[in-house]
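*Asks:* Just need the structure, nothing else, for what follows:
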Amino acid sequence: MSTSSSLRMADTLSTAEDKKPTAKTDYDLLSLPARDGRSLKVAIAGGGVGGLTTALYMLKKGFDVTVYEKTAAFARFGGPIQFASNALSVLKEVDENLFDRVMEKFTFTGTRACGIKDGLRADGSFRMTNDSLDYLVNPDAPADWFVKFPLRECADLFGLPYTGVIDRPDLQEILIDECRKLKPDFLQNGNPVTGYKSHGRGKGVTVNLENGNTADADLLVGSDGIWSAVRAQMYGEDIKGTSKDLKTRQGCKYSGYTVFAGETVLDTPDYYETGYKVYIGPQRYFVTSDVGDGRIQWYAFFAIPPGSKKAPSGWGGSTRDAQDDPEENLVEYVKSLHEGWSDEVMTVLDATPPDSVEQRDLYDRPPELLRSWADGNVVLTGDAVHPMMPNLGQGGCQAIEDAFILTEILANTKNTGQIEQNLQEFYKKRIFRVTIVQFLSRLASDLIINAFDTPWSPHDQKGQSWKSYLTFAWKPLLQYLIFPAQFAYLYSYYPSGNMEELPAELEKVWKTRHFEGAQKAFDEVASGKQIESGPSFFQKAEVEGESVEA
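*Replies:* Below is the predicted model:
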């Protein structure tokens with residue numbers, strides 16, 4: 001047979017092979033505007049901020065997304081959530097319209113003085129002073145401020161908008177509205193994910209729902225909060241299973257801290273000059289933050305055993321419970337734990353409606369360094385896999401970073417056979433940064449309560465313990481090295497790039513809106529209008545078994 005005949009025969013056989021029906025084991029091609037195939041079908045467990053941001057970015061990429069949420073319907077529950085500069089950068093890269101709408105509801109805190117104040121020496125007048133060491137040689141120098149945080153400077157370093165807060169209900173409404181523009185029926189309420197069965201490479205996953213039905217998808221994203229049902233199956237945990245001493249819950253260790261929270265409208269002399277303040281003292285700390293419209297939200301952290309219940313709480317996936325002692329004034333109780341502290345703390349507490357006070361025990365997980373976040377066609381994100389202690393306000397920020405990076409990776413997935421390996425790639429890309437942020441968040445709590453005390457001063461006897469001397473010694477390191485490095489690292493992930501003049505323009509517009517809203521609230525309070533406390537700082541809705549996700 002001639003060489004040319006052999007080649008013709010080979011071509012004929014090759015053509016015949018190409019025309020054979022596609023084998024059932026072949027993987028489905030996945031489409032994007034520039035390539036053929038079908039849409040990637042994604043199921044998301046949990047409609048918190050992380051789950052909704054994931055849904056929006058995936059819908060914008062052309063994925064077919066359905067979110068399964070426990071609450072029967074979203075309601076206006078939940079307090080403010082902090083977004084640092086890194087999260088704002090991600091939001092802008094996800095969707096310009098989303099970013100603009102968030103900015104319309106945003107309250108900047110990082111544009112103003114934020115930092116640590118001396119809980120015993122602050123003179124009670126809310127005065128603005130510097131954080132220098134002048135008081136060591138000058139007994140008349142004020143020692144109110146211990147260290148200020150370089151939030152503005154670190155944001156300016158990368159050209160990013162400044163840290164601030166937005167009410168969680170406002171954020172959720174914006175996210176849901178933007179998602180519905182792309183897929184009106186993307187959200188399934190009142191029917192949460194209870195489990196799953198991953199069918200292997202390229203074969204998708206079957207999602208089990210609470211009502212007994214199932215749903216098929218190419219992959220499942222577990223964004224269902226710290227007490228995640230998806231996580232429980234992946235890691236073999238008992239959902240919300242709690243030890244007798246309450247120190248362990250679904251594999252989560254009690255952090256050693258409980259937190260009380262409240263909110264009030266209060267016109268303090270430093271209201272327009274400060275964002276948030278951390279008052280430190282022996283074995284506890286007290287945080288206040290401007291959350292917009294004249295409101296100040298406060299948190300009081302105490303190192304006490306778990307289950308030391310005083311106040312109601314809807315946090316962590318439970319119905320809002322009753323106050324332990326309905327007759328007890330919770331504001332007076334919190335004040336009693338701050339005996340001898342600055343009048344600034346007492347002024348905030350005295351202005352707080354007692355029925356607004358809530359409490360939750362803080363549980364924490366170590367980084368998942370030895371276990372992947374993915375199991376076949378299933379992956380965990382946000383609080384389901386890396387909950388954060390609240391001190392750095394990075395819980396929601398890291399969930400948003402998860403949403404962005406996971407979607408970017410999946411957008412490059414050309415067929416269903418690549419899903420499993422790409423979910424593992426997501427884990428590898430995120431584990432290093434998330435581990436560092438978890439460590440920093442936990443370290444902030446441990447240092448303030450276990451290693452910090454009222455700083456030593458040569459002019460009084462208020463700080464005389466070894467911790468006081470240690471706290472004083474930390475000051476220059478915190479001020480000139482640790483805090484600048486910490487916030488620079490947090491803000492160093494900014495997919496939007498440098499925003500040039502935009503942060504300053506946003507601040508200018510916000511200042512006018514912020515002043516008008518605050519003055520209106522202050523005038524109403526001055527005229528005798530009662531402060532209305534929200535049903536819950538820690539709740540989205542009063543639904544049994546609700547998932548709470550940062």
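*Asks:* Please enumerate the strands of the stretch 201-350 of the chain.
*Replies:* Shown for the stretch 201-350 of the chain, the strands assigned by DSSP state E, counting those that start in this stretch span residues 205-209, 214-217, 219-222, 248-249, 252-265, 274-281, 284-292, 295-302.
*Asks:* Of those, flag the one that's most buried.
*Replies:* strand 219-222 (a mean of 29; mean count of other Cβ atoms under 10 Å). All C-beta spots, glycine's among them, are computed from the backbone N, C-alpha and C.
*Asks:* now the strands of the stretch 201-350 of the chain in CSV, with mean pLDDT?
*Replies:* As requested, those are arranged in CSV below (pLDDT from 0 to 100):
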stretch, mean pLDDT
strand 205-209, 98
strand 214-217, 97
strand 219-222, 98
strand 248-249, 88
strand 252-265, 90
strand 274-281, 94
strand 284-292, 94
strand 295-302, 93
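*Asks:* right, and those strands - which one's nearest residue 141?
*Replies:* Evaluated with Cβ to Cβ, the strands of the stretch 201-350 of the chain place strand 274-281 nearest to residue 141, the distance being 18.8 Å.
*Asks:* what lines up beside the closest one in the sheet?
*Replies:* Here the strand partners of strand 274-281, with direction, are listed using DSSP bridges: strand 113-118 (parallel), strand 284-292 (antiparallel).
*Asks:* In CSV: those strands, plus distance to residue 302.
*Replies:* Listed next are those as CSV, based on distance: least, Cβ to Cβ, whole Å:
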stretch, distance to residue 302
strand 113-118, 18
strand 284-292, 5
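*Asks:* Please list all residues in contact with residue 157.
*Replies:* 488, 491 (Cβ atoms under 8 Å, 6 or more residues apart in numbering).
*Asks:* Which secondary structure element is home to it?
*Replies:* When secondary structure is defined by DSSP states H and E, residue 157 falls within helix 151-158.
*Asks:* Return that helix as PDB; C-alpha atoms alone will do.
*Replies:* The C-alpha atoms that make up helix 151-158 are tabulated as PDB, following Å, rounded to 0.1, in the frame of the first residue of the first chain:
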ATOM      1  CA  LEU A 151      -6.600  53.300  59.100                       C
ATOM      2  CA  ARG A 152      -6.500  56.300  56.900                       C
ATOM      3  CA  GLU A 153      -2.800  56.100  56.200                       C
ATOM      4  CA  CYS A 154      -3.000  52.400  55.300                       C
ATOM      5  CA  ALA A 155      -6.000  53.000  53.000                       C
ATOM      6  CA  ASP A 156      -4.200  55.900  51.300                       C
ATOM      7  CA  LEU A 157      -1.200  53.600  50.800                       C
ATOM      8  CA  PHE A 158      -3.200  51.500  48.300                       C
END
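*Asks:* Moving C-terminal from that helix, which element do we reach first?
*Replies:* Downstream of helix 151-158, the next assigned helix or strand under DSSP H and E is strand 164-167.
*Asks:* List the buried residues for that following strand?
*Replies:* For strand 164-167, the buried set under the neighbour-count rule, 16 or more other Cβ atoms under 10 Å, comprises 164, 165, 166, 167.
*Asks:* And the residues you listed, which two are furthest apart?
*Replies:* The largest distance within the buried residues of strand 164-167, taken as Cβ to Cβ, falls between 164 and 167 and amounts to 11.4 Å.
*Asks:* re the thing from before, specify the stretch among the strands of the stretch 201-350 of the chain that is closest to residue 426.
*Replies:* Judged by Cβ to Cβ, the one of these that comes nearest to residue 426 is strand 219-222, at 10.1 Å.
*Asks:* What is the closest one packed up against?
*Replies:* Packed against strand 219-222 by the contact rule (3 or more Cβ pairs under 8 Å, 6 or more residues apart in numbering; DSSP states H and E) you find strand 41-45, strand 193-198, strand 205-209, helix 229-235, strand 378-380.
*Asks:* Could I get the ones you listed in TSV, plus columns for distance to residue 142?
*Replies:* Rendered in TSV, the data for the helices and strands packed on strand 219-222 read as follows (distance: least, Cβ to Cβ, whole Å):
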stretch	distance to residue 142
strand 41-45	51
strand 193-198	54
strand 205-209	59
helix 229-235	48
strand 378-380	48
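*Asks:* So residue 505, which state does it fall into?
*Replies:* helix (DSSP: H, G, I helix; E, B strand; the rest coil).
*Asks:* Residue 66 too?
*Replies:* Remark: residue 66 carries the secondary structure label strand [criterion: three-state DSSP].
*Asks:* So it is in contact with residue 191, correct?
*Replies:* No. The pair formed by residue 66 and residue 191 falls short of the contact definition of Cβ atoms under 8 Å, at 10.6 Å.
*Asks:* Helix, strand or coil: sort out residue 126 for me.
*Replies:* Each residue gets one of three states, and residue 126 gets coil by three-state DSSP.
*Asks:* Ramachandran angles for it?
*Replies:* The phi and psi values for residue 126, taken as degrees, to the nearest 10, are phi 60, psi 40.
*Asks:* Hmm, residue 344 and it touching each other?
*Replies:* Yes. Residue 126 is in contact with residue 344 according to Cβ under 8 Å; the separation is 5.8 Å.
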